[in-house]
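# Sequence unavailable; structure follows:
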């Protein structure tokens, strides 16, 4: 179980990581490596799903 005092901090870290993954995916996609860009977007979607589950 997650400590309730750390919950807002962990959620904030996940949001920052999610935005960093999306930003990196766009940069990687434009750089020509589409496979890694798609993988980064999938990872961001997984983090989004976890964020929605944790915040309920």
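Thanks, I have it. Because the structure is a prediction, the values reported are computed rather than measured. Residues are numbered from 1 along each chain as shown.
# Please make it C-alpha for all contacts and neighbour counts, starting now.
Noted.
# what's the stretch of helix or strand residue 17 belongs to packed up against?
Assigned by DSSP states H and E, residue 17 falls within helix 7-31. On a contact count with 3 or more C-alpha pairs under 8 Å, 6 or more residues apart in numbering; DSSP states H and E, helix 7-31 meets helix 34-55.
# contacting residues around the helix it packs on?
11, 14-15, 17-19, 21-22, 24-29 (C-alpha atoms under 8 Å, 6 or more residues apart in numbering).
# Give the rounded mean pLDDT of that helix.
Helix 34-55 shows a mean pLDDT of 92.
# Just the buried positions in that helix, please.
Neighbour counts over helix 34-55 (16 or more other C-alpha atoms under 10 Å) mark 37-38, 40-41, 43-44, 47-48, 51 as buried.
# from these, which single one is nearest residue 7?
residue 51 (10.9 Å; C-alpha to C-alpha).
# Give me the pLDDT for the most centrally placed residue in the chain.
With distances taken as C-alpha atoms, centre = their mean, the chain has residue 18 as the residue nearest its mean C-alpha position (2.4 Å). What the model reports for residue 18 is a pLDDT of 95.
# If you rank the contacts of helix 34-55 by neighbours, which is first?
residue 25 (24 neighbours; other C-alpha atoms under 10 Å).
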